[in-house]
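1. only geometry, no sequence info:
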């Protein structure tokens, strides 16, 4: 069956370090993968999208990689700040018109000052 | 301001009493979707709609109905709510022709007793 796994429920790092979050999937051939940020009690907020034919995408301090051979995406936050503390979700969509989105359970990142 | 709105934000009801959660977006998006979020289970898709009068089941559609009579609105209907439908519900929309990023509403916390 299809499955998405995010590396761990919680990740604690020191301010200034790079946070690396993992999203692994099985039995999918996603057209694209997205990363969202969710703060407690609020709806997810879109961060980055990467397509199956792209290896890497960057936006300010954020970087996403997508390895369709390993079936894995890595999400990096460089020079992390306490304000980056949140839950981060990855989401897969099978193709551009399918409409069906599957989310991982999320990783809760805490950045300590 | 571009946004997705949901009403009500909080609802406590009893088993079997029909209810509707409304969702509206002002971005002229073709795609809309409903999710439920439960601790340890992440975000799970209930139903989605690719456009007016086009809806399809997500991963957990049992016990729910939707309709898409207008582009901006996508109500979620619980004909006979049960306690296992107690959850945090999110509506989302996106423009499939552009970036596929989903814009989420603020959430509706539903408790069924």
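-> The structure has been received and is ready for your questions. All of these numbers come straight from a predicted model, not from anything done at the bench. Numbering: from 1, shown residues only, chains lettered A, B, ... in the order given.

2. go ahead and name everything in contact with stretch A:6-22.
-> A:23-24, A:72-82, A:84, A:88-90, A:104-113 (C-beta atoms under 8 Å, 6 or more residues apart in numbering or on different chains). Heads up, the C-betas are built off the backbone N, CA and C, glycines and all.

3. enumerate the positions of it that are buried.
-> For stretch A:6-22, burial by neighbour count (16 or more other C-beta atoms under 10 Å in any protein chain shown) applies to A:6, A:11, A:13, A:19, A:21, A:22.

4. same deal with stretch A:85-101?
-> Buried residues in stretch A:85-101 (16+ other C-beta under 10 Å): A:85, A:86, A:87, A:88, A:89, A:90, A:91, A:92, A:93, A:94, A:99, A:101.

5. next one: stretch A:60-80
-> By 16+ other C-beta under 10 Å, the buried positions in stretch A:60-80 come out as A:62-66, A:68, A:71-77, A:80.

6. distance check, the closest residue to residue B:38 other than its chain neighbours against chain A.
-> Once flanking residues are discounted, residue B:38 sits nearest to residue B:87: 5.3 Å by C-beta to C-beta, 6 or more residues apart in numbering or on different chains. Note on residue B:87: its distance to chain A, by C-beta to the nearest C-beta, to the nearest Å, is 14 Å.

7. one more: residue B:24?
-> As judged by C-beta to the nearest C-beta, residue B:24 and chain A stand 14 Å apart.

8. quick one, phi psi at that residue?
-> Torsion angles at residue B:24 (phi, psi; degrees, to the nearest 10) stand at phi -140, psi 140.

9. what's near enough to touch it?
-> By C-beta under 8 Å, 6+ apart, the contact set of residue B:24 is B:4, B:5, B:72, B:73, B:74.

10. identify the bridge partners of the residue nearest to residue B:38.
-> residue B:110 (DSSP bridges).

11. thought it was touching residue B:37?
-> Yes. If you go by C-beta atoms under 8 Å, residue B:87 and residue B:37 touch, sitting 6.6 Å apart.

12. hang on, the earlier thing: show me the two of the buried residues of stretch A:60-80 that sit farthest apart.
-> A:68 and A:80 (27.2 Å; C-beta to C-beta).
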